[in-house]
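*Asks:* Sequence first, predicted coordinates after that:
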Amino acid sequence: MGTAARVVVLPQKPGALEVQELTLPDPGPTQVVVKQYASGVCHSQLHQMHRERNSPIILGHEATGIILKKGSAVTHVDEGDIVLVTWVPRAARDAADLPVRATLEVTGGTAQSENVFTWADHTLCDEQYVVKTDANIKKDVTSIIGCAVMTGAGAVINTAGVKAGESVAIFGVGGVGLSAVVGARMAGASPIIAIDLDDAKLEFAKRFGATHTINAGREDAVAVIHAMTAREGEYTITRQLVSGADYAFDCIGLRQTMEQIAPACRTCHFGEHVGGTAVLVGVPSTPVELNAIDILINEKQFRGSIGGSCAPDRDFPTFLQWHADGHLPLEEMVTERYSIEQINEATTALEEGKISGRAILEF
């Protein structure tokens, strides 16, 4: 017997998101049905909404919920367990098979999830996408751990491996960028430089651990970063004073920011240490051009970080502990709350830059 659900559906033809009354099929052997408390609203879904599509789409990829049903092969969770839903396999190394995508019959055709769908009061997903948690966690704000937190904080602690005393520049301080700021603070980075176009967002970032801020609409962010990170007595192969951030993170994915992070990185002290590392975190929407000479002579790196290089089974308990200890103030990071009926309002506000932190849907 299926499960009644209210699901946000993106029609095949351009138009508004629709909330449809559907019946979820019973879970297959490796699937679970989750009644959801809240889901994050992420920029990644905006990219999906703007792409051409051949069928309707079901959206969302981070949530907190409770297991209602489980398949015969599911062993790590039981009915009644509180879980975090994410789009990254919780323990890919241990999985015998690829996770199963959910397929739903919706008005307008057949829709298949991209790993998971969480813009729904109930969801059906593979067991690889749910992580069991303590039953006493906050069931609303923890919903953003499954993408925003793991993507931002994970990029710092996993992809980059930032160490105490290393300098960090973070371009874009929305929900992912703020999580990167928290990750940098927990790693002991110094300075932690937040870059954005919005003064209110920059001031907000200080509450999460940013030690310096730059409004890139008024200042040359790259030049300011180099000015504040100069290293006396260290010189490049071209006899210039070494400067720049040890790590620069682009949490936006626009062409301008993608082309700023490598120049913002520390230059090479020839024969002593290589240059800094630029980390692309935001989903890119355009091609990018890099200065190959700068990367060559300063021995810089440009690398990507998908989902913060996270293994959810390993990393989610850490993020939940940060929250419990007051180091990850999710209640402050979640700045807007919407009902499922307000999904179009939520996505419009996100696209127009009106969400200072992270928005969530509450069911």
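*Replies:* Right, received. Where do you want to start?

*Asks:* Please, where are all the helices along the stretch 201-350 of the chain?
*Replies:* Ranges of helices within the stretch 201-350 of the chain are 221-228, 255-264, 292-297, 312-324, 330-333, 343-351, based on DSSP state H, counting those that start in this stretch.

*Asks:* Can you identify the element that follows the longest strand along the chain toward the C-terminus?
*Replies:* If you go by DSSP state E, the chain has its longest strand at strand 31-41. Next along the chain after strand 31-41, taking DSSP states H and E as the criterion, comes helix 43-50.

*Asks:* and the angle for that following helix with helix 343-351?
*Replies:* 110 degrees (axes from the mean of the first three to the mean of the last three C-alpha atoms, to 10 degrees).

*Asks:* Now do Asn344 against Ser113, distance only.
*Replies:* Asn344 sits 20 Å away from Ser113, going by C-beta to C-beta, to the nearest Å. Bear in mind the C-beta positions are built from the backbone N, C-alpha and C, glycine included.

*Asks:* oh sorry, the question was meant for Gly276
*Replies:* Noted for Gly276: a distance of 38 Å to Ser113, by C-beta to C-beta.

*Asks:* more crowded one of the two?
*Replies:* Remark: of Gly276 and Ser113, Gly276 carries more neighbours, 30 against 24, as counted by other C-beta atoms under 10 Å.

*Asks:* Identify the residue spatially nearest to the more buried one, adjacent ones excluded.
*Replies:* If the residues on either side of it in the chain are set aside, Gly276 comes closest to Cys265, at 3.1 Å by C-beta to C-beta, 6 or more residues apart in numbering.

*Asks:* where's that neighbour relative to Ala184, distance?
*Replies:* Applying C-beta to C-beta, the value for Cys265 to Ala184 is 15 Å.

*Asks:* swap in Asn115?
*Replies:* Counting by C-beta to C-beta, the separation of Asn115 from Ala184 is 28 Å.

*Asks:* Then Val74?
*Replies:* In this view, Val74 and Ala184 are 36 Å apart by C-beta to C-beta.

*Asks:* coming back round to it: so how far is the longest strand of the chain off the chain centroid?
*Replies:* Relative to its chain's centre, strand 31-41 lies at 17 Å (C-alpha atoms, centre = their mean, to the nearest Å).

*Asks:* which strand residues sit across from the closest residue to Gln36 other than its chain neighbours in the sheet?
*Replies:* In space, and not counting its chain neighbours, Gln36 is closest to Gly65: 4.0 Å by C-beta to C-beta, 6+ apart. Here Gly65 sits in beta bridges with Gln36, Val83, as judged by DSSP bridges.

*Asks:* Counting neighbours, what do you get for Gly65?
*Replies:* Gly65 sits with 28 neighbouring residues when counted by other C-beta under 10 Å.

*Asks:* How about Glu289?
*Replies:* Applying other C-beta under 10 Å, we find 8 residues neighbouring Glu289.

*Asks:* Return the distance of it relative to Gln260.
*Replies:* Glu289 is 12 Å from Gln260, by C-beta to C-beta.

*Asks:* Please apply the same query to Val242.
*Replies:* 19 Å.

*Asks:* ok, now Ile195?
*Replies:* To Gln260, Ile195 is 8 Å away according to C-beta to C-beta.

*Asks:* neighbour count winner among those two?
*Replies:* The neighbour comparison of Ile195 against Gln260 (other C-beta under 10 Å) goes to Ile195, with 32 against 23.

*Asks:* closest to Ser39 out of the helices of the stretch 201-350 of the chain?
*Replies:* Smallest distance to Ser39 across the helices of the stretch 201-350 of the chain (C-beta to C-beta): 10.0 Å, for helix 343-351.

*Asks:* what's the closest one packed up against?
*Replies:* Helix 343-351 is packed against strand 31-41, helix 43-50, strand 334-338, strand 358-362, with contacts defined by 3 or more C-beta pairs under 8 Å, 6 or more residues apart in numbering; DSSP states H and E.

*Asks:* Could you dump these into a markdown table with mean pLDDT added?
*Replies:* Shown next, in a markdown table, are those (pLDDT from 0 to 100):
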| stretch | mean pLDDT |
| --- | --- |
| strand 31-41 | 98 |
| helix 43-50 | 86 |
| strand 334-338 | 97 |
| strand 358-362 | 97 |
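
*Asks:* Using JSON lines, please lay out those together with distance to Glu18.
*Replies:* Listed next are those as JSON lines, based on distance: least, C-beta to C-beta, whole Å:
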{"stretch": "strand 31-41", "distance to Glu18": "16"}
{"stretch": "helix 43-50", "distance to Glu18": "12"}
{"stretch": "strand 334-338", "distance to Glu18": "15"}
{"stretch": "strand 358-362", "distance to Glu18": "15"}
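
*Asks:* Dump these to JSON lines, plus mean neighbour count and distance to Leu10.
*Replies:* What follows is the helices and strands packed on helix 343-351, written out as JSON lines (neighbours: other C-beta atoms under 10 Å; distance: least, C-beta to C-beta, whole Å):
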{"stretch": "strand 31-41", "mean neighbour count": "26", "distance to Leu10": "13"}
{"stretch": "helix 43-50", "mean neighbour count": "18", "distance to Leu10": "6"}
{"stretch": "strand 334-338", "mean neighbour count": "18", "distance to Leu10": "16"}
{"stretch": "strand 358-362", "mean neighbour count": "25", "distance to Leu10": "15"}
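
*Asks:* Can you classify the residue nearest to Gly209 when sequence neighbours are not counted by secondary structure?
*Replies:* Among residues not flanking Gly209 along the chain, Arg185 sits closest, at 3.2 Å (C-beta to C-beta, 6+ apart). Remark: Arg185 carries the secondary structure label helix [criterion: DSSP: H, G, I helix; E, B strand; the rest coil].

*Asks:* Adjust the sequence numbering to begin at 583 for everything that follows.
*Replies:* Shifting the count to begin at 583 puts that one at Arg767.
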